[in-house]
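**Q** starting from these lines, generate the structure:
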Amino acid sequence: MTTSLQPLAVKTHSEFFFNDGNAMLRVKGSATANASVDATKTLCSTPDGSSTSDTTYTYFRVHKSILSDLSDVFSTMFSIPQSESQSSDPFTYEGCDMVELHDDVSDVTKLMKVIYGRAPVYKRLSQTSFDFYVPVLRLAQKYDMQWILDTYLPCVTEGWPTSLEDWDALEQEVQGIAERSRRKRSQGASLPLVDDIFVEPASIIGLARHFPSGLRSILPAVYYHLSRIPPHMHRDTSAYANYADAGGCTANRSLLLASEYEALYSGQAAMGKFFFESILNPFTKISAAATGCGTGLKKSKAALHATPVTVTCSGSAYWREVMSQRILNKLGNNAGFLDVLKRMVADIRSNGKSGASTEADMCSECKGHLIGGLERLRYEFWQELPKFFKV
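**A** Numbers count the residues shown, from 1 in each chain. So this is what the prediction gives:
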């Protein structure tokens, strides 16, 4: 006696349940608002009417040829005959092969969006785009979809600078965003903070565990960025509002493994050593007076056409007694090394017009000598970042 199939209402994906599909993907879990379902469709249960709890599954009806062409893993799964020995719940639907995926419904939805050309287009890497890329990359790696890895890994790496010039450009952009956001909020408008926009660095390091070769190039910048974020700063701390308003970011260090903690803190120690040897050592080349120092000629603003007055150049002493201490103070306030040196250069160029100091008694030769030395130090420091963090 033949038992007829019993109809059973289940959740089918509203976006990826194609009428002409010939492959069924069954994923445990219910679809979210961004991966909606249509509960009016029906599948068929086993001949005896028994089944597991299907309300916990979402079904995707897709095209076998598309998935097989993109993934050898899917091709192999589709080639394996579906039998009762392979599944305690062998559903069939209009001759479609059934494959069960042990993945999250929302993650599979994102993967299908990429496969079927419905993925959102992001202009740049942000926390929003990163949250989309991560599950897509992990599933692409799991199911051996190399073209997705080749397409989306660069979307992550392009969001982080790999040169000092790009780092400075990104920092300038961050400050611009912080200023605009601060101005708008002061007018009663609501704009996202920098901390809401840019990707949290520890999560990048976590992703790099799965893609060490693909993301290695950006890890020096990521670790450096993480190193300058105060460990005690969180969104629920009292100081967060002012900190975030100035463009500060937070980090979730709990995402790091022990080896990654070690890389972070050993890198911070290495940076401190580099800083001491390059900046504070009294015998360092940058502390010496410039060749040609001593001419010290300048014209007062009150008498531009008067005979130049010879003065004693304070360049070398200024470096030893003023600037080195100022850099120490700024680094003690969690300012990044690169940012501190950049501000020092700007201050020297402006002749102290920023109000932080005055270099009025520094001859042009020493001024150029200090600027050149600081800019070289910034470049050397950037080049050493991979060694500092051993990445």
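**Q** grab the most central residue of this structure for me.
**A** In the chain, the centroid-proximal residue (Cα atoms, centre = their mean) is V199; its distance is 4.0 Å.
**Q** isn't that residue up against G159?
**A** Yes: with contact defined as Cβ atoms under 8 Å, V199 reaches G159; the gap is 6.8 Å. Glycine gets a C-beta too; all of them are placed from N, C-alpha and C.
**Q** now for those two: what residues contact both?
**A** Shared contacts of V199 and G159, defined by Cβ atoms under 8 Å, 6 or more residues apart in numbering, are found at L125, S126, F130.
**Q** quick check: the first one is in a strand.
**A** No: counting by DSSP: H, G, I helix; E, B strand; the rest coil, one finds L125 to be coil, located in no strand.
**Q** and the gap between it and T151?
**A** 14 Å (Cβ to Cβ, to the nearest Å).
**Q** and the second one, by the same measure?
**A** Separation of S126 from T151 (Cβ to Cβ) stands at 18 Å.
**Q** again with the last one
**A** As judged by Cβ to Cβ, F130 and T151 stand 15 Å apart.
**Q** more crowded one of the two?
**A** F130 (19 against 16; other Cβ atoms under 10 Å).
**Q** Q325 versus the more buried one, what's the distance?
**A** 40 Å.
**Q** how about V222?
**A** For V222 relative to Q325 (Cβ to Cβ), the value is 31 Å.
**Q** these two: who's more crowded?
**A** Between V222 and Q325, V222 has the larger neighbour count (other Cβ under 10 Å), namely 22 against 11.
**Q** list the contacts of the host helix or strand of that one.
**A** Here V222 sits within helix 219-227, counting by DSSP states H and E. For helix 219-227, contacts defined as Cβ under 8 Å, 6+ apart pick out 160-162, 167, 201-202, 204-205, 208, 249, 251, 253, 263-264, 267-268, 271, 336, 338, 385-386, 388-389, 391.
**Q** mean confidence for that helix?
**A** Taken as a whole, helix 219-227 has an average pLDDT of 95.
**Q** buried stuff in it?
**A** L219, P220, A221, V222, Y223, Y224, H225, L226, S227 (16 or more other Cβ atoms under 10 Å).
**Q** out of these, which one sits closest to S106?
**A** Checking the buried residues of helix 219-227 against S106 by Cβ to Cβ gives V222 as the nearest, at 25.6 Å.
**Q** roughly how far does that closest one sit from S203?
**A** Applying Cβ to Cβ to V222 and S203 gives a distance of 10 Å.
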